[in-house]
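Asks: Everything below, folded, please.
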Amino acid sequence: MDKSAVIHIQKEDDIILARKTSREFAKLLNFSATNQSRVLTAVSELARNIYRYAGNGEIKVEAIKEMNKSGLIIVAEDEGPGIIDISNAMTQGYSTSGSLGAGLPGLKRMMDEFQILSEEGSGTKVTVIKWQMN
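Replies: Predicted coordinates:
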């Protein structure tokens, strides 16, 4: 297996492919069942946001190593409308689409590292990392 994979998100089936790919990487790194579930949930949320709000984009999954730990870095990037107010988007219960508004705040809690960059009209880039101690 390569150390990274890119999944283009343009249709709902691509969300399933992104989940499958991230599961393979998490298993390869011997993530616990709980952390595998967290990675799958994160990828599902990121891919669904791309599909729902931007229409297309990509998810990159990459195995990484640092000192005494290995991990998965997941980057979700699109060229959609962007997020107007990131601080509101990170508030539990906030939604512009009528959803529960739990996605991004939950994602931040599940992962070990989280970064979101977005500019109105220029798209969004979310980077998350889940670590596995060796």
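
Asks: Doesn't Lys130 lie inside a strand?
Replies: Yes: judged by DSSP: H, G, I helix; E, B strand; the rest coil, Lys130 forms part of a strand.

Asks: I figured it was touching Asn35, is that so?
Replies: Yes: using C-beta atoms under 8 Å, Lys130 is in contact with Asn35, at 6.0 Å. Bear in mind the C-beta positions are built from the backbone N, C-alpha and C, glycine included.

Asks: So for the two, which residues contact both of them?
Replies: Ala26 (C-beta atoms under 8 Å, 6 or more residues apart in numbering).

Asks: After the worst-scoring helix or strand of the chain on mean pLDDT, which helix or strand is next?
Replies: Using mean pLDDT, DSSP states H and E, helix 86-89 stands out as the lowest-scoring helix or strand of the chain, at a mean of 68. For helix 86-89, the following helix or strand on the C-terminal side (DSSP states H and E) is helix 103-110.

Asks: Now the element after that next one, going C-ward?
Replies: By DSSP H and E, the next helix or strand past helix 103-110 is strand 113-119.

Asks: Give me the pLDDT for Ile83.
Replies: pLDDT recorded at Ile83 is 79.
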